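> this is a predicted model, with the sequence first.
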Amino acid sequence: MVTVISFPPWNISAVMPFFFYPAVLMSLSGTSWRSLLVRLCAALPFSLAGGISNLFILKETAFYLGSFPVSFGLLSFVSIMLKTTFTVFAVLILIATTFFVDICRQLTSMGMPKILCLQMVMTYRYIATLIHEAASMFTAYMLRAPRQRGIKMKDMGSFLGQLLLRSFDRADRVYQAMRCRGFGGIYRGAALQPSRPSDWVYTIAVCGGMICLRFFNLSLFLGRLTGKLK
């Protein structure tokens, strides 16, 4: 993520080789392209809004593609979309191949405050409980208003207020159940596994490759090599 984001906003050719990172990892891990693409769509609208605005701000022509003028805004738009795709894919692959509790445990060992990691773990674990409460309330609302397509705006405030109160009550019951099982404010899980030689080889290879791609434009080199061969 650091190397991809560090590129200038219109250096598209240097960013393109980073596509191999998610492609190779998804192939090795057996992660489904379709599931990650669906989750990627949730992040693209924010980048799309920022990228489209550059089309109207940066109107200067960077170069001509045949007779078509390519502006700096268009280059920036494509660069933003590529960077978003590659970085979000990297995060989604990490989440898909690693337990969230293990990620938070590693973050704690790296110095992140324990209370923050605890909040992340509890939110991740019990977000389904909140969704279940909201679904139950929505079902009850629709049973009382069968001809409605959704919640009316005049009822939205009451609905959200009741959801908040029910969430407080459910959170208190969950906390009391955790205290009965010995919870004392610290989430205790399995001990961290020691690093293996293969872990260090992977880390050095990936970080070294990313640094090389940051300072060496592979796409430009391959383009020149192909031109010489022709």
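It's in. Computed from a predicted model, the values in this text were never measured in an experiment.
> list the contacts for the nearest residue to Ser6 once chain neighbours are set aside?
Sequence neighbours aside, Arg214 is the residue nearest to Ser6 in space, at 6.6 Å (criterion: Cβ to Cβ, 6 or more residues apart in numbering). Using the backbone N, CA and C atoms, a C-beta is placed for each residue, glycine as well. Residues near Arg214 by Cβ atoms under 8 Å, 6 or more residues apart in numbering: Thr3, Ser6, Phe7, Ala14.
> can you point me to the longest helix in the protein?
helix 114-144 (DSSP state H).
> contacting residues for the spatially most central residue of the chain?
Of all residues in the chain, the one closest to the mean position by Cα atoms, centre = their mean is Val88, 4.2 Å from it. Contact analysis of Val88 by Cβ under 8 Å, 6+ apart lists Arg39, Leu40, Ala43.
> which stretches in this structure count as helices?
2-5, 12-15, 20-29, 33-40, 44-57, 72-97, 100-109, 114-144, 153-180, 197-215, 218-229.
> make TSV from those helices and add distance to Tyr64 and mean pLDDT to it.
Converted to TSV, those look like this (distance: least, Cβ to Cβ, whole Å; pLDDT from 0 to 100):
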stretch	distance to Tyr64	mean pLDDT
helix 2-5	28	88
helix 12-15	16	82
helix 20-29	30	86
helix 33-40	32	84
helix 44-57	17	82
helix 72-97	12	87
helix 100-109	47	83
helix 114-144	49	85
helix 153-180	51	86
helix 197-215	28	87
helix 218-229	17	56
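> redo those helices as JSON lines? Include distance to Gly66.
Conversion of these to JSON lines gives the following (distance: least, Cβ to Cβ, whole Å):
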{"stretch": "helix 2-5", "distance to Gly66": "29"}
{"stretch": "helix 12-15", "distance to Gly66": "17"}
{"stretch": "helix 20-29", "distance to Gly66": "29"}
{"stretch": "helix 33-40", "distance to Gly66": "31"}
{"stretch": "helix 44-57", "distance to Gly66": "20"}
{"stretch": "helix 72-97", "distance to Gly66": "14"}
{"stretch": "helix 100-109", "distance to Gly66": "47"}
{"stretch": "helix 114-144", "distance to Gly66": "50"}
{"stretch": "helix 153-180", "distance to Gly66": "51"}
{"stretch": "helix 197-215", "distance to Gly66": "29"}
{"stretch": "helix 218-229", "distance to Gly66": "17"}
